[in-house]
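Student: I'll drop the sequence and a predicted model, then ask my questions.
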Amino acid sequence: MTLDTAAPKPNWFSRLAHPGAFMGWSRPVLWPLGIVTVLMFAVGLWFVFFNSPPDYQMGDTVRIMYIHVPNAILSELVYGVMFLAALGTLIWRHPLADVAAKAAAPLGAAFTAMALYSGSLWGRPTWGTFWEWDGRMTSTLILFFIYCGIIALWRAFDDQLRAARIVAIVTLVGGLDIPVVKFSVDWWNTLHQPASLTLGGSDLPPAMLIPLGLMALAFTLLFVLLELIAMRTEILSRRADAMSRQAAARAA
Amino acid sequence: MTAFAAILGRDLRLAARTGGDALTLVLFFVMAAAIMPFAIGPDRPTLQKLAPGLIWLAAFLAMLLGLDRLFRADEEDGTLLLFRQAAVPLEAVVAGKVIAQWLLTALPVLIASPILALLLSMDMTGWGRTALALLLGTPALTAFGTVGAAVTVSLRRGGLLAPVLIIPLAVPVLIFGAAGSAAADGGGAALLFLAAISLVSVAFCPFAAALALKVSSE
């Protein structure tokens, strides 16, 4: 009698996502990815400072846009990553999804904070105020609060396996709620004051679109790089915890 | 259905016999709104203008403070474990507790709101609009709060964490609630949005909360 070992062959994704395999393939990726990111930032910043026209109204302050907009995009993109990771945690109970969600939360909070910070620096010379209860700014602020709550929840648990599932539930509820928040804030703001602060940003000339695209790509690469490093750190620290527990058990 | 009613009745009886909880909550609600004139100043027109917002803020805070006892006692004495073993699905148990929680926190706040209307010099129609908005909006607050309470039930220091998680999520309720209470024009749409949020969240949140409770006791 033979053991039935004919388990279905794992597909490419589950092979890549196995924590041990992840540690294997992510290590050689880090340096090349870091170099590409630095090059991307160098090219993007060169375009931003030397090869893009000043705005006819805002002058040189328009260059803040090339930092502000990529951060604002990433603040939502990272929540999307966390949302997918939360699905992975709850449906497949995949340990790497837990790690990905935990690593992404502080990064998302940082990008959101950067978007708010650069936005207020931009708002001061153009609108004459650091803060305006504009719909988009307000919903970004609330997104920042949601990130902070999720980080606080991660830190409140000792047992990280349980924390992952609980945080995943909150992430999903938050993800479903964020569109409602955005809608309600827009509604609230237009009720109070007409939208006077919209920038005609949809029809950017190509000379501005190229640096913006480059910077958005650079910041996205930065996120991927930092996410990989944070995931590796988390896996290693969990291994270190497990090893110290084993050592303590053996000593006892 | 009888089990559902039994859970609802149990929570109400427990609250009635241990006593005081709902009364303390009302006291907090009245006090929170009554100290606001000290911060703002006793100017009657200003107070009248701000009154719906102040009442909403006080109700918001009172309902957040009442969250902690929703699952805490059941977790400590093991009732939650029995609920998980019960023939009734945990989602139904949570739904029963949501209704009980609403009756114990939102209804006393609603009943006490005329006192605040007097203190903040609101007129009758203004109070009526605010009370209607509270009636439509508080179920959503309770539903969101249930998720917050379920998520933090296994944490000893979860008391402060649940509000921090819930406040950003509950912003739409506050926006539509305050708009529905204040504006005569455009208030109707806000009330409809408020009712929609309440209906969806009351239907959805028991499932999320029950999932969190299951995960917590694994």
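Tutor: Perfect, I can see it now. These numbers were taken from a predicted model, which means no experiment stands behind them.

Student: what does chain B put close to chain A?
Tutor: Within chain B, the positions lying close to chain A (CB under 8 Å from any CB of the partner chain) are B:147, B:151-152, B:154-155, B:157-158, B:161, B:164-165, B:167-169, B:171-172, B:175-176, B:179, B:183, B:186, B:193, B:197, B:204-205, B:208, B:211-212, B:215-216, B:218. C-beta coordinates here come from the backbone N, C-alpha and C atoms, glycine included.

Student: of those residues, buried ones?
Tutor: Neighbour counting with 16 or more other CB atoms under 10 Å in any protein chain shown marks B:147, B:151-152, B:154-155, B:158, B:161, B:164-165, B:167-169, B:171-172, B:175-176, B:179, B:193, B:197, B:205, B:208, B:211-212, B:215-216 as buried within these.

Student: and those, which of them are in helices?
Tutor: Mapping those onto helices (DSSP state H) picks out B:147, B:151, B:161, B:164-165, B:167-169, B:171-172, B:175-176, B:179, B:193, B:197, B:205, B:208, B:211-212, B:215-216.

Student: all strands of the chain, in order?
Tutor: Chain wasn't specified; assuming chain A. Remark: no strands are assigned in chain A by DSSP state E.

Student: quick one, helices of it?
Tutor: For chain A, the helices defined by DSSP H cover A:12-17, A:19-50, A:65-87, A:95-127, A:135-156, A:160-192, A:206-251.

Student: indicate which one of the ones you listed is closest to B:V94.
Tutor: Closest approach to B:V94 among the helices of chain A (CB to CB): helix A:160-192, 13.0 Å.

Student: now the angle between helix A:135-156 and the closest one, please.
Tutor: Angle of helix A:160-192 versus helix A:135-156, following axes from the mean of the first three to the mean of the last three CA atoms, to 10 degrees, is 160 degrees.

Student: how far off centre is helix A:160-192?
Tutor: Between the centre of helix A:160-192 and the centre of its chain there are 15 Å (CA atoms, centre = their mean, to the nearest Å).

Student: by contact count, what packs against that helix?
Tutor: Counting contacts by 3 or more CB pairs under 8 Å, 6 or more residues apart in numbering or on different chains; DSSP states H and E, helix A:160-192 is packed against helix A:65-87, helix A:95-127, helix A:135-156, helix B:124-151, helix B:161-169, helix B:171-182, helix B:187-216.

Student: hmm, back to that, of the helices of chain A, which shows the lowest average pLDDT?
Tutor: Note on the helices of chain A: lowest mean pLDDT is at helix A:12-17, with a mean of 75.

Student: list the buried ones in that one?
Tutor: Residues of helix A:12-17 classed as buried: A:A17 (neighbour count, 16+ other CB under 10 Å).

Student: next: stretch A:155-174.
Tutor: Per 16+ other CB under 10 Å, stretch A:155-174 contains these buried residues: A:156-157, A:160, A:163-174.

Student: please apply the same query to stretch A:79-94.
Tutor: Applying 16+ other CB under 10 Å to stretch A:79-94 flags A:79, A:81-90, A:94 as buried.

Student: and for stretch B:37-50?
Tutor: Neighbour-count burial for stretch B:37-50, with 16+ other CB under 10 Å as criterion, is recorded at B:37, B:47, B:50.

Student: got it, and stretch B:109-120?
Tutor: The neighbour-count check on stretch B:109-120 (16+ other CB under 10 Å) flags B:109-110, B:112-113, B:116-117, B:119-120 as buried.

Student: just put the helices and strands packed on helix A:160-192 in CSV and tack on distance to B:D11.
Tutor: Converted to CSV, the helices and strands packed on helix A:160-192 look like this (distance: least, CB to CB, whole Å):
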stretch, distance to B:D11
helix A:65-87, 31
helix A:95-127, 34
helix A:135-156, 26
helix B:124-151, 12
helix B:161-169, 18
helix B:171-182, 23
helix B:187-216, 14
